[in-house]
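Engineer: sharing a model that was predicted from the sequence below.
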Amino acid sequence: MQYLLLVCADAEAGAAHAQDGCEGWSEEMIERGVLRGGGGLRPPNEARTVRVREEQILYTDGPFAETREQVGGFTLIECADMDTALEIAAKHPAARYGCIEVRPMFTP
């Protein structure tokens, strides 16, 4: 099963660790054969949000929601079950200063 790991942190913590990377963790996950992709995101102030309402396209600067924690990156993994996904997420370096939301993917 595939799981999306959403890396979240408050703006200050995320900025302080933005360039830390995942050295060590990524290599371990590649060796285990569970890493399928991922990446870090640029700050929310560089984002644009798109909505379509009644055939009109609406663009908004910034993130789509007001929240203390912001999504700073994502990782796609494939493993046997949620327990394994949680174990993998707990090893992620960002879990030490933010949180990792683990979401199962729909299967086609």
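Structural biologist: Sure thing, it's come through.

Engineer: low-confidence stretches in this protein?
Structural biologist: 13-21, 63-67 (pLDDT under 70).

Engineer: just the helices in it please.
Structural biologist: For the chain, the helices defined by DSSP state H cover 11-17, 25-32, 82-91.

Engineer: tabulate these (JSON lines), appending mean neighbour count.
Structural biologist: All C-beta spots, glycine's among them, are computed from the backbone N, C-alpha and C. Shown next, in JSON lines, are these (neighbours: other CB atoms under 10 Å):
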{"stretch": "helix 11-17", "mean neighbour count": "15"}
{"stretch": "helix 25-32", "mean neighbour count": "13"}
{"stretch": "helix 82-91", "mean neighbour count": "15"}
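
Engineer: out of the ones you listed, nearest to residue 69?
Structural biologist: Closest of the helices of the chain to residue 69 is helix 11-17, at 8.4 Å (criterion: CB to CB).

Engineer: still on that earlier bit, closest to residue 97 out of the helices of the chain?
Structural biologist: Evaluated over these, closeness to residue 97 peaks at helix 11-17, with 4.7 Å, by CB to CB.

Engineer: can you put the helices of the chain in JSON lines and add distance to residue 60?
Structural biologist: Output for these, formatted as JSON lines (distance: least, CB to CB, whole Å):
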{"stretch": "helix 11-17", "distance to residue 60": "18"}
{"stretch": "helix 25-32", "distance to residue 60": "33"}
{"stretch": "helix 82-91", "distance to residue 60": "30"}
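
Engineer: and those: which comes nearest residue 71?
Structural biologist: Once these are compared by CB to CB, helix 11-17 is nearest, at 9.2 Å.

Engineer: before we move on, the earlier item: out of the helices of the chain, which comes closest to residue 40?
Structural biologist: Going by CB to CB, the one of these nearest residue 40 is helix 11-17, 9.7 Å.
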